[in-house]
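> coordinates only, sequence not included:
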Ligand code: SF4
């Protein structure tokens, strides 16, 4: 059984990653599975000649959106209202959750279906509605699995990527009544489909996320692999779509750019199986769109961090990240895990998420794969500086950095320290490589070099 990390707030990334790392076979398999998806993404990206240009175009469109967000939002609101949609604005998760609850309460409904939406995860909507006596059924298969397990999603595209099929078989046997010991994926998927279809058929209210909101037409586009958003919305009397204000794109023609990039970057598919357009409520239906800020306006005003708002939530930065792959999504203790989560979370609460920008090797692989060219690793580095300036870094780390600065800025001291360390490595290696030094827990200590670079350099210079 996957060790549940829900309710793990209060622990930092390193502690939670250590818990995940206890199950070595799971870590290896998690790492390999995500790397397999990363390779699929590479293949899909290289298959189109204009791949690089597509990314550049997407990045430019998003730059334009961020520069004119206010106008585009108003244009979207006007067009959506003209289409018969109720448009609401929420500045905080609390406002958002209240609005959703008011709409549900007005319709006298006690059970709702919901397709995948990272915004509702960010707002902790399920917990809020459940506290008000409303049952929420997540209809995305991966989301339903983690919901039944009482966990948050561990990946924005693949919410239950940390679960093995045998564990899902056990879970379904307990919750859906499937035969014990049956973990055949085809069988389990069919069981889930029947279970979810029953809920979709009987629910009067459907909640969806939004992948793109077109200012020009006032329509929204929701991308799913299973068609669950389509099904639940078509059968419901009330549709509530929840979106962050950065989901706006200016015109319909821009959708082609983003739809081609999103699926290729997420799973290596040429296009998401279902890209559903919702422009107006069908006859007799009620449709609401809630636009949520939750710190986005503040980030828009920051030159260093505004680019993070270009994110289209494809998950490619997670699949490639060596830290994410080997520490698991729950170790990030925020709705959005991985490199993008590590630059979004401190913007909301610097103190609570101060550890996340340090959960990175700064290798830059995340920035390389990002389809909208977000400078993720540069932002991680900048966050570290901001956190240090704001005193959100531990005293141990600060003392270590001060000692390092002192040694590196004094050549004689540096030469002495280097010599002493090499002597210790050669004659008393246990002083450096011991149980107290986590660096060597999974590494072999290298042999001490015979001469330093400076000695080698001076020797070469003399011999010329
Ligand atoms: S930051 Fe880039 S790579 Fe990561 S999820 Fe967002 S769009 Fe995808």
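In hand now; what should we look at? Because the structure is a prediction, the values reported are computed rather than measured.

> give the rounded mean pLDDT of the helix or strand hosting residue 387.
Per DSSP states H and E: residue 387 is located in helix 376-389. When pLDDT is averaged over helix 376-389, the result is 96.

> next, the contact list for the nearest residue to residue 339 once chain neighbours are set aside, please.
Spatial nearest neighbour of residue 339, excluding adjacent residues (C-beta to C-beta, 6 or more residues apart in numbering): residue 366 at 3.9 Å. (C-beta placed from N, C-alpha, C; glycine too.) Applying C-beta atoms under 8 Å, 6 or more residues apart in numbering, we find residue 366 in contact with 317, 320-321, 338-340, 376-377.

> next one: stretch 255-269 to chain centre, how far?
16 Å (C-alpha atoms, centre = their mean, to the nearest Å).

> again, but for stretch 208-223
Taking mean C-alpha positions (C-alpha atoms, centre = their mean), stretch 208-223 and its chain are 20 Å apart.

> for stretch 452-464, same thing?
That offset, for stretch 452-464, works out to 49 Å (C-alpha atoms, centre = their mean).

> now for the residue positioned nearest the centre of the chain: which residues touch it?
Central residue of the chain (C-alpha atoms, centre = their mean): residue 336, 3.5 Å from the mean position. By C-beta under 8 Å, 6+ apart, the contact list for residue 336 reads 118, 121-122, 156, 313, 344-345.

> now it, what's its secondary structure?
Classification of residue 336 by DSSP: H, G, I helix; E, B strand; the rest coil places it in coil.

> distance of it relative to residue 99?
22 Å (C-beta to C-beta, to the nearest Å).

> what does the chain put close to the ligand?
Residues of the chain lying close to the ligand by C-beta under 6 Å from any ligand atom are 265, 311-317, 340, 369-372, 374, 376.

> again, only using 5 Å
Proximity of the chain to the ligand (C-beta under 5 Å from any ligand atom) is limited to residues 311-312, 314, 316-317, 340, 370, 374.

> so which of those residues are in helices?
Filtering those for membership in helices, criterion DSSP state H, returns 316-317, 340.

> how much space separates the closest residue to residue 218 other than its chain neighbours from residue 162?
Excluding its sequence neighbours, the residue lying closest to residue 218 (C-beta to C-beta, 6+ apart) is residue 79, at 2.8 Å. Look at residue 79 and residue 162: by C-beta to C-beta, they are 41 Å apart.

> report the buried members of the contacts of residue 366.
317, 320-321, 338-340, 376-377 (16 or more other C-beta atoms under 10 Å).

> nearest to residue 434, of those residues?
Set against residue 434, the nearest of the buried ones among the contacts of residue 366 by C-beta to C-beta is residue 321 (29.8 Å).

> next, find the distance separating that closest one from residue 328.
Distance from residue 321 to residue 328, by C-beta to C-beta: 11 Å.

> what does residue 29 give?
Distance, residue 29 to residue 328, by C-beta to C-beta: 11 Å.

> follow-up on the earlier one: which two of the contacts of residue 336 have the greatest separation?
313 and 345 (14.5 Å).

> the two: which is more packed in?
Neighbours were tallied for residue 313 and for residue 345 using other C-beta atoms under 10 Å; the higher tally belongs to residue 345 (24 against 20).

> quick revisit: tabulate the buried ones among the contacts of residue 366 (TSV), appending distance to residue 168.
Below are these laid out as TSV (distance: C-beta to C-beta, whole Å):
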residue	distance to residue 168
317	26
320	25
321	25
338	22
339	27
340	26
376	31
377	34
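
> before we move on, back to that, how about the residue nearest to the centre of the chain, phi and psi?
Main-chain torsions, residue 336, degrees, to the nearest 10: phi -110, psi 120.

> so which of residue 29 and residue 328 has more stuff around it?
residue 328 (26 against 13).

> so that one sits against residue 152, correct?
No. Residue 328 lies out of contact with residue 152 (C-beta atoms under 8 Å); the separation is 11.9 Å.

> pop the domain breakdown of the chain in here.
Per automatic domain parsing, the structural domains of the chain span 17-40+298-389, 48-294, 397-462.

> in JSON lines: those, plus distance to residue 11.
Formatted as JSON lines, these follow (distance: least, C-beta to C-beta, whole Å):
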{"stretch": "domain 17-40+298-389", "distance to residue 11": "7"}
{"stretch": "domain 48-294", "distance to residue 11": "14"}
{"stretch": "domain 397-462", "distance to residue 11": "17"}
